[in-house]
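J.: following is a predicted model, sequence given first.
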Amino acid sequence: MPKEPKMFSNIAKIFIAIFLLIGTLIVFDDIIRNDLRCRQQEFTGDTAQDSSIIESTAVIGTLYLSFRANVSAYCPCEKCCDKWADGVTASGHIIQPGDKFVAAPDRYPFGIIIDIPGYGEVPVLDRGGAIKGDKLDVFFPTHQEAVEWGRQYLMVKIMIEKQKRD
Ligand SMILES: [Zn+2]
């Protein structure tokens, strides 16, 4: 058996193996990139028009968008709700003792959960004429408590994967 062709054949095999490996890595890399690109599109699709959302974070099992909100407070009284002081929220929820929820602009669907520091993880159950842009209005049972909350600028989180319908 001549030695040369066998040597050549072994070198050729190594080259082929290297080329295949590089080829596979390129294909995988492409798949990974495409996947990321798709996810980013998916993720920003709904919120691209919302300039107030400045950060998006995925934490193991919990996906949320966080943004700085202007959080005021209200109660069911006539001072806060004017002619709408009927004990029923815009979502149709009948206000009950111990209720905690938030009024948000209509781009936030009813039932979506917002985590508001110092208040809690609560569903969007109401709207309001002055609740626009980055404004939220947290609900308190008494006017005194609403006044005490005042107006706070807080980093809130829209919990993407948690929803609670009333
Ligand atoms: Zn009030």
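T.: Yep, that arrived. Residues are numbered from 1 along each chain as shown.

J.: residues of stretch 113-124 that come out buried?
T.: In terms of neighbour count (16 or more other C-beta atoms under 10 Å), stretch 113-124 has its buried residues at Ile113, Ile114, Asp115, Ile116, Tyr119, Val122, Pro123, Val124. Bear in mind the C-beta positions are built from the backbone N, C-alpha and C, glycine included.

J.: so what's the third one bridging to?
T.: Read it as Asp115. Beta-bridge partners recorded for Asp115 (DSSP bridges): Glu121, Lys157.

J.: contacting residues around it?
T.: Going by C-beta atoms under 8 Å, 6 or more residues apart in numbering, Asp115 touches Tyr64, Glu121, Val156, Lys157, Met159.

J.: what is the nearest of the buried residues of stretch 113-124 to the ion?
T.: Tyr119 (16.1 Å; C-beta to the ion).

J.: so which residues of this protein form strands?
T.: For the chain, the strands defined by DSSP state E cover 53-59, 62-74, 102-103, 112-116, 120-126, 135-139, 151-163.

J.: any idea which of these scores lowest on pLDDT?
T.: Comparing mean pLDDT across the strands of the chain, the weakest is strand 53-59, with a mean of 54.

J.: surely Gly111 is in contact with Val122?
T.: No. Under the criterion of C-beta atoms under 8 Å, Gly111 is not in contact with Val122, lying 10.9 Å apart.

J.: of the strands of the chain, which approaches Trp84 most closely?
T.: strand 120-126 (9.1 Å; C-beta to C-beta).

J.: tell me what the closest one is packed against?
T.: strand 102-103, strand 112-116, strand 135-139, strand 151-163 (3 or more C-beta pairs under 8 Å, 6 or more residues apart in numbering; DSSP states H and E).

J.: pick the most deeply packed of the ones you listed.
T.: Ranked by mean neighbour count, the helices and strands packed on strand 120-126 are led by strand 102-103 with a mean of 25 (mean count of other C-beta atoms under 10 Å).

J.: need the residues that contact that one.
T.: Against strand 102-103 from outside (C-beta under 8 Å, 6+ apart): 74, 89-90, 114, 116, 119, 122-128, 131, 136-139.

J.: how does it look with 6 Å?
T.: By C-beta atoms under 6 Å, 6 or more residues apart in numbering, the residues outside strand 102-103 that reach it are Ile114, Val122, Val124, Asp126, Arg127, Gly128, Ile131, Leu136, Asp137, Val138.
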